[in-house]
Every structure is written in C-alpha cells, then in structure tokens.
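>>> no sequence for this one, just the structure:
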C-alpha cells in the first residue's frame, strides 16, 4: 500500500510550467567565464568564431541550463527568508517554474540527471525553458518509503529550436 504517493501528489504528473525566458541572452562574456570554469577552450565559443557548421560563435552544450538567474531589481529570496527558522530552501524550488509538491518535512536528494543535446546555443540568442512533472512514483528502501520525482525541462531558442532536454530525478523521503 502506498503511503507517500497520494492521489493529490499523482495529480501533479504532467503538470507544466509556463515558459520562462532567461533574463539575459547568450552573451560572450558569460560564455567565456562558463567555458573557463569547465576548462573547455573550444575556439567555437570565442566571439568572432566563424564556424559555418554552427553559423557563428556558440556556447558550451550545457550552458543554456545555467542561464536562468535572478534579474536585477528582483528581491533575493535567501535574504528575505534569512530569519525564518523553518525555511529549508526547498520552497524556492528549482527555478523551473513548477509548483512545489506538498511534501512538508521530506528531505530532497539528487538521484541524477539525463541530458539530451540537440544543438548549441548561439551568441546573442534568447533561451526559453519549460518544465513538467514527467513522473512521480514510490519505492520502499531499507529506510522506508520514498518518492522519486522526475521533472523534464526543455531549453529552446526563441525561434523554437530545441537546444537541450534535461530529465532530473529527485528522491523525497
């Protein structure tokens, strides 16, 4: 018998977020810093790269998934909750626009990610993400019941071209 996977939680499966547009486009300076951080100096990432295959300079493959930050002028949620002793950070969500699952008191653990790569994001492009709950299912471990929550996020260029599809699995117990 299921103890964590209620009909209410099952109702989240298939729920989609609104489309979220990154506050900044793919900009050369940010691409440079990201490429340096991952230690990948592919010349195709440099401004002025003339690679005909990519139609100009591009960002590293996973870069679009790191473009979604808090825009200037928006309040910092960590500062706003700094004095709340019950704040655990989970209510901030993953930045994917999905509503938080009503699972108070359950810890969240990363159970892995799968990435499908379709094409590079080009310098100057706008990136849009949209997520959905792909699956939620229950398993029983030695420690007791746990939920596995699978979210899928697509990253697209403004023209609709699919750049990446990321499936993340989280354990809630």
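Nice, I can see it. Keep in mind that what you see is a predicted model, and the values were worked out from it rather than measured.
>>> for the chain, longest helix please?
Criterion DSSP state H: the longest helix present in the chain is helix 28-37.
>>> now the helix or strand that that helix is followed by: mean pLDDT?
Later in the chain than helix 28-37, the nearest helix or strand by DSSP states H and E is helix 77-80. Here helix 77-80 scores 86 as its mean pLDDT.
>>> Stretch 13-32 now?
97.
>>> and it, which residues are buried?
Buried residues in stretch 13-32, counted by 16 or more other CB atoms under 10 Å: 17, 20, 22, 25, 26, 28, 30, 31. C-betas here are computed from N, CA, C, even on glycine.
>>> Just the terminal-to-terminal distance for that stretch.
End-to-end distance of stretch 13-32: 38 Å, with CA to CA, to the nearest Å as the criterion.
>>> Contacts for it, please.
45-47, 57, 59-60, 63-64, 67-72, 96-99, 121-136, 158 (CB atoms under 8 Å, 6 or more residues apart in numbering).
>>> And stretch 62-76, what's buried?
The neighbour-count check on stretch 62-76 (16+ other CB under 10 Å) flags 62, 63, 64, 65, 67, 68 as buried.
>>> that older thread, farthest pair within the buried residues of stretch 13-32?
Farthest apart among the buried residues of stretch 13-32 by CB to CB are 17 and 28. That separation is 28.8 Å.
>>> Residue 119 is in contact with residue 159, isn't it?
No: here residue 119 does not reach residue 159: they are 11.1 Å apart, not a contact under CB atoms under 8 Å.
>>> Give me the buried positions along the lowest-mean-pLDDT helix or strand in the chain.
When each helix and strand of the chain is scored by mean pLDDT, DSSP states H and E, helix 77-80 comes last, with a mean of 86. By 16+ other CB under 10 Å, helix 77-80 has no buried positions at all.
>>> same question, stretch 152-167
Neighbour counts using 16+ other CB under 10 Å place 152, 153, 154, 155, 156, 157, 163, 164, 166 of stretch 152-167 among the buried residues.
>>> what sits opposite the third one in the beta ladder?
If I follow you right, that is residue 154. For residue 154, the beta-bridge partners under DSSP bridges are residue 130, residue 165.
>>> quick one: it from residue 7, how far?
As judged by CB to CB, to the nearest Å, residue 154 and residue 7 stand 28 Å apart.
>>> in this structure, which ranges drop under the pLDDT threshold?
1-2, 89-94 (pLDDT under 70).
>>> mind running it again at 90?
Along the chain, the parts satisfying pLDDT under 90 run over 1-3, 48-55, 69-82, 84-96, 104-105, 143.
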